[in-house]
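Colleague: no sequence for this one, just the structure:
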Ligand SMILES: NC(=O)C1=CN([C@@H]2O[C@H](COP(=O)(O)OP(=O)(O)OC[C@H]3O[C@@H](n4cnc5c(N)ncnc54)[C@H](OP(=O)(O)O)[C@@H]3O)[C@@H](O)[C@H]2O)C=CC1
Ligand SMILES: O=C(O)C1=N[C@H](C(=O)O)C[C@H](O)C1
């Protein structure tokens, strides 16, 4: 551990399922300092972030819905390292949140999914121009990175693959950001999957899922009782090879989130995917 001042961290989406988990993780990290907690919901204004997250002691950080004043306040502190904002909000707000943060020189660590490829490209250009690090991480769990690496290895030998992602039924976006990224990683290998053997007819629209990169199909399940799960199923004559990842607690994302907060200060551009900073 060095004597450097702790990294100032703002959490956006502070009252959400992931936001509360991040507040607890940041509060327990000696090299990080929770300086702001933002949530758009009026219900939580001025509550203590620590108490809302379930900590026994208050953190003396009140929840606010004022993003820009908070960014300005943290950007103005010249005594500390540059600030980082962790975003677990909603697909509708995340693009604007990231643009605002970069404009203030605050580094965004983004877990929120649902950004379009065009939005990500635009943000990459913006971060480049500002020479500011920005991390967009569709999945912060190490298990998912390992699953994706195993899928990349398997796809050398299998030409047929489909993805099933299963999530809790409060999820706003489908398919999941992780499933889209998994299909992208396989799609980058330079082969087309799932050559059609017959002409298929969907008797109910959507029955065969959505087609992502290079013919890879993604199926989305939403049910209460689920958290976040993904299967990548490879098929070949006489065999099925299934990779599956299950989360049982959102704590599984926290080592990845903390790593991203620590690594982002050295970045000068947008980086997409946890595997790039491990
Ligand atoms: N990258 C990763 O590893 C992971 C990513 N995620 C992603 O993170 C995001 C959040 O997930 P989760 O915490 O489960 O969701 P929650 O709905 O529990 O939390 C989202 C928070 O953001 C707030 N919010 C909703 N809409 C807006 C808006 N338009 N502007 C600002 N804030 C808003 C919500 O407030 P209110 O409820 O009052 O509307 C809530 O406090 C999702 O996109 C999800 O896919 C989730 C888990 C892991
Ligand atoms: O909404 C969630 O819960 C999750 N969202 C991310 C996604 O869309 O991939 C990551 C993980 O699957 C949990």
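Modeller: That came through, no problem. What you see is a predicted model; the values in this text were computed from it and never measured. Ligands and ions are numbered 1, 2, ... in the order given.
Colleague: is ligand 1 contacted by stretch 11-20?
Modeller: Yes. Applying CB under 6 Å from any ligand atom, one finds stretch 11-20 in contact with ligand 1 at 13, 15-19. Bear in mind the C-beta positions are built from the backbone N, C-alpha and C, glycine included.
Colleague: Now, these that are in helices?
Modeller: Members of the residues of stretch 11-20 next to ligand 1 lying in helices (criterion: DSSP state H): 17-19.
Colleague: Of those residues, grab the buried ones for ChimeraX.
Modeller: This is how ChimeraX selects the buried members of these, with burial counted by 16 or more other CB atoms under 10 Å:
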select :18,19
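Colleague: Where does this protein get nearest to ligand 1, residue-wise?
Modeller: residue 16 (2.0 Å; CB to the nearest ligand atom).
Colleague: And the closest residue in space to that residue that isn't next to it in sequence, how close does it get to ligand 2?
Modeller: Distances taken as CB to CB, 6 or more residues apart in numbering place residue 88 nearest to residue 16, at 5.7 Å, with adjacent residues excluded. Counting by CB to the nearest ligand atom, to the nearest Å, the gap from residue 88 to ligand 2 is 9 Å.
Colleague: Tell me if I'm right that residue 88 and residue 20 touch.
Modeller: No. Using CB atoms under 8 Å, residue 88 is not in contact with residue 20; the gap is 9.4 Å.
Colleague: out of these two, which sits in the busier spot?
Modeller: Just comparing residue 88 and residue 20: by other CB atoms under 10 Å the higher neighbour count belongs to residue 88, 25 against 22.
Colleague: Contacts only, for the more buried one.
Modeller: Residues counted as contacts of residue 88 (CB atoms under 8 Å, 6 or more residues apart in numbering) are 11-13, 16-19, 22, 111-112.
Colleague: sorry, back to before: tell me the two of the residues of stretch 11-20 next to ligand 1 that are most distant?
Modeller: Within the residues of stretch 11-20 next to ligand 1, 15 and 18 form the most distant pair, 10.4 Å apart (CB to CB).
Colleague: Give me the neighbour count for residue 196.
Modeller: Residue 196 has 7 neighbours, counted by other CB under 10 Å.
Colleague: Can you give me the pLDDT of it?
Modeller: Residue 196 is assigned 89 on the pLDDT scale.
Colleague: so how far is residue 126 from it?
Modeller: Taking CB to CB, to the nearest Å as the measure, residue 196 and residue 126 are separated by 40 Å.
Colleague: residues from this protein in reach of ligand 1?
Modeller: Taking CB under 6 Å from any ligand atom, the part of the chain that reaches ligand 1 is made up of 13, 15-19, 39-41, 88-90, 92-93, 111-114, 137-140, 253.
Colleague: So which of these are in strands?
Modeller: Among the residues of the chain next to ligand 1, no member is found in strands (DSSP state E).
Colleague: Who are the contact partners of the spatially most central residue of the chain?
Modeller: The chain has residue 111 as the residue nearest its centroid, 2.5 Å off, counting by CA atoms, centre = their mean. Going by CB under 8 Å, 6+ apart, residue 111 touches 18, 86-88, 137, 140, 253, 257.
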